[in-house]
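>>> just the structure for this:
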Amino acid sequence: MSLRFSVLASGSTGNAFYIESDRTKLLVDAGLSGKEMDRLFAEIDVDPSQISGILVTHEHSDHIKGLGVIARKYQLPIYANEKTWKRMENSIGKLTVDQKFIFDSYSVKTFGDIDVESFRVSHDAIEPMFYTFHQGNNKVALVTDLGYVSERIKKTIEDADAYVFEANHDVELLRMCRYPWSVKQRILGDSGHISNEDSALALVDIISNRTKRIYLAHLSEENNMKDLARMTVDQILKERGIDIEIHDTDPKQATPLYRVG
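Residues are numbered from 1 along each chain as shown. This is a model prediction of the structure:
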């Protein structure tokens, strides 16, 4: 048994995550155009028509831009909580009734041989939620778009084999950037995004001996850099005796499929 995943795209301009087993293929979000989504699937040699379903985290455009296009083109079912459905329906276009499914927060749905657990995060969307993926002893956690990492989230995602985890900004770069103060306040607030340092401190509490790899995700193009994010997280982890592989993600290029298990 094994899980394989790729961060198809991650950043403020678009987000998509793919995970598969031998029996099941799942997509989380489709925040790029339909054409770009097809290009990213081709990069990892995946046929999108074989996807079992699309899971939605929240209604922001960098997570649903290509959702309706991909779902209609390949006749794929979409799963989201009820509030997210109501908020995004006008943005994704017409779908058939048999493409619309409810996936409540704090619940588990089984897709083939993958159990998907949903959990709420603090972000300025109507009811944002993210996911952990379980298959036997294998566990992968996807966590971005949150202003802080609560103890409940830590308990849900702890002890995973791999993490795709937000490291949105460097605080000093954000403070000095050209954004209006109201936008800076939003990003720094409890319903915004977590910094490189806060990302590392949360990871210290949740990773275990079984954790093999961390992907730093949703980096701000204005207020962060891949090298800076990686260096900051790596330094804080090593100061606490943790030495682990840290990988970049990109807003336009898929990461190679990585196997867990």
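>>> buried residues in stretch 204-221?
Going by neighbour count (16 or more other Cβ atoms under 10 Å), the buried part of stretch 204-221 is 206, 207, 211, 213, 214, 215, 216, 217, 218, 219, 220. Quick note: C-beta positions are derived from backbone N, CA and C, even for glycine.
>>> burial check on residue 26, number of neighbours?
Counted with other Cβ atoms under 10 Å, residues neighbouring residue 26 total 22.
>>> list the residues that contact it.
Neighbouring residues of residue 26 by Cβ atoms under 8 Å, 6 or more residues apart in numbering: 18, 19, 20, 51, 52, 53, 54, 55, 111, 114, 116, 133.
>>> if we go to 7 Å?
Counting by Cβ atoms under 7 Å, 6 or more residues apart in numbering, residue 26 makes contact with 19, 51, 52, 53, 55, 111, 114.
>>> same question for residue 212.
161, 162, 245.
>>> the first one and residue 84: what is the separation?
Read it as residue 161. 28 Å (Cβ to Cβ, to the nearest Å).
>>> repeat for the last one
Separation of residue 245 from residue 84 (Cβ to Cβ): 33 Å.
>>> so the two - more neighbours on which side?
More neighbours surround residue 84 than the other of residue 245 and residue 84, with 24 against 12 (other Cβ under 10 Å).
>>> give the full set of residues in contact with the more buried one.
56, 58, 59, 126, 127.
>>> go again using 6 Å as the cut-off
Residues near residue 84 by Cβ atoms under 6 Å, 6 or more residues apart in numbering: 56, 58, 59, 127.
>>> where does residue 127 land in three-state SS?
Classification of residue 127 by DSSP: H, G, I helix; E, B strand; the rest coil places it in coil.
>>> any idea how far it lies from residue 208?
29 Å.
>>> go on, residue 50?
33 Å.
>>> residues contacting residue 49?
So residue 49 contacts residue 74 (Cβ under 6 Å, 6+ apart).
>>> can you report phi and psi for it?
phi -70, psi -20 (degrees, to the nearest 10).
>>> I'd like to know how far it sits from residue 19.
Taken as Cβ to Cβ, the span from residue 49 to residue 19 is 17 Å.
>>> likewise for residue 256?
To residue 19, residue 256 is 14 Å away according to Cβ to Cβ.
>>> between the two, who's got more neighbours?
Taking neighbours as other Cβ under 10 Å, residue 256 and residue 19 compare with residue 19 leading, 27 against 10.
>>> all helices for the chain, in order.
34-43, 61-64, 67-74, 82-92, 151-157, 171-176, 181-188, 196-206, 226-239 (DSSP state H).
>>> so residue 114 sits against residue 24, correct?
Yes: using Cβ atoms under 6 Å as the test, residue 114 is close enough to residue 24 to be in contact (4.9 Å).
>>> tabulate the contacts of residue 212 (JSON lines), appending pLDDT and distance to residue 37.
Formatted as JSON lines, the contacts of residue 212 follow (pLDDT from 0 to 100; distance: Cβ to Cβ, whole Å):
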{"residue": "161", "pLDDT": "98", "distance to residue 37": "26"}
{"residue": "162", "pLDDT": "98", "distance to residue 37": "23"}
{"residue": "245", "pLDDT": "97", "distance to residue 37": "27"}
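>>> ok, those vs residue 70, which is closest?
In terms of Cβ to Cβ, no member of the contacts of residue 212 lies closer to residue 70 than residue 162, at 24.5 Å.
>>> how about the strands in the stretch 1-150 of the chain?
Assigned by DSSP state E, counting those that start in this stretch, the stretch 1-150 of the chain shows strands spanning 3-9, 16-20, 25-28, 53-55, 78-80, 100-102, 108-111, 114-120, 129-135, 138-143.
>>> so for residue 39, which of the ones you listed sits nearest?
Here strand 3-9 is closest among the strands of the stretch 1-150 of the chain (Cβ to Cβ), at 9.6 Å.
>>> tell me what the closest one is packed against?
strand 16-20, strand 138-143 (3 or more Cβ pairs under 6 Å, 6 or more residues apart in numbering; DSSP states H and E).
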